[in-house]
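J.: Have a look at this prediction, sequence included:
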Amino acid sequence: QVQLKESGPGLVKPSQTLSLTCTVSSGSITANYYYWTWIRQPPGKGLEWMGAIAYSGNTYYSPSLKSHTSISRDTSKNQFTLQLSSVTPEDTADYYCARAIRFYGNRLYDYWGQGTQVTVSS
């Protein structure tokens, strides 16, 4: 069974860069045709799709976050990483990584990480 686990700081200061890593086990991030995704949920709000990195290494971003979001991967460690620059308190959320088995149209996810809480505060 594929497992995903998020790691990173729980507290980030405004204007800093948030970096989160998702470590994947029992499944390669280069395997066809999965899309490795970051999703977040601010307190009291719904899920927000942030972006994804495909099995091919191609990256996709939410238009509203594209200017300060970057997703990369380390295939030797089977990890992919989210970087969110110039964070503000509005970036406070639970952050999840997930594997999409359908990317175009209605996205479908089969595995999720447990999530990690990030607070942006001075």
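T.: In hand now; what should we look at?
J.: So which residue is dead centre in this protein?
T.: In the chain, the residue lying closest to the centroid (Cα atoms, centre = their mean) is residue 38, at 2.3 Å.
J.: show me what contacts that one?
T.: Neighbouring residues of residue 38 by Cβ atoms under 8 Å, 6 or more residues apart in numbering: 20, 22, 50, 51, 52, 71, 82, 95, 96, 97, 98. (Each C-beta comes from the backbone N, C-alpha and C, glycine too.)
J.: That one pairs with what?
T.: Beta-bridge pairing of residue 38 under DSSP bridges involves residue 51, residue 97.
J.: Most neighbours of all the contacts of residue 38, which one?
T.: residue 97 (30 neighbours; other Cβ atoms under 10 Å).
J.: quick one: which helix or strand includes the closest residue in space to residue 2 that isn't next to it in sequence?
T.: Spatially, and ignoring its direct neighbours in sequence, residue 2 is nearest to residue 27 (3.8 Å; Cβ to Cβ, 6 or more residues apart in numbering). Per DSSP states H and E: residue 27 is located in neither a helix nor a strand.
J.: any idea how far residue 13 is from residue 66?
T.: According to Cβ to Cβ, to the nearest Å, residue 66 stands 23 Å off from residue 13.
J.: Repeat that for residue 97.
T.: 23 Å.
J.: again, but for residue 118
T.: 12 Å.
J.: Looking at the two, which one has more neighbours?
T.: Taking neighbours as other Cβ under 10 Å, residue 118 and residue 13 compare with residue 118 leading, 21 against 11.
J.: quick one: what helix or strand has that one in it?
T.: strand 116-120.
J.: For that strand, could you pull out the residues that count as buried?
T.: 116, 118, 120 (16 or more other Cβ atoms under 10 Å).
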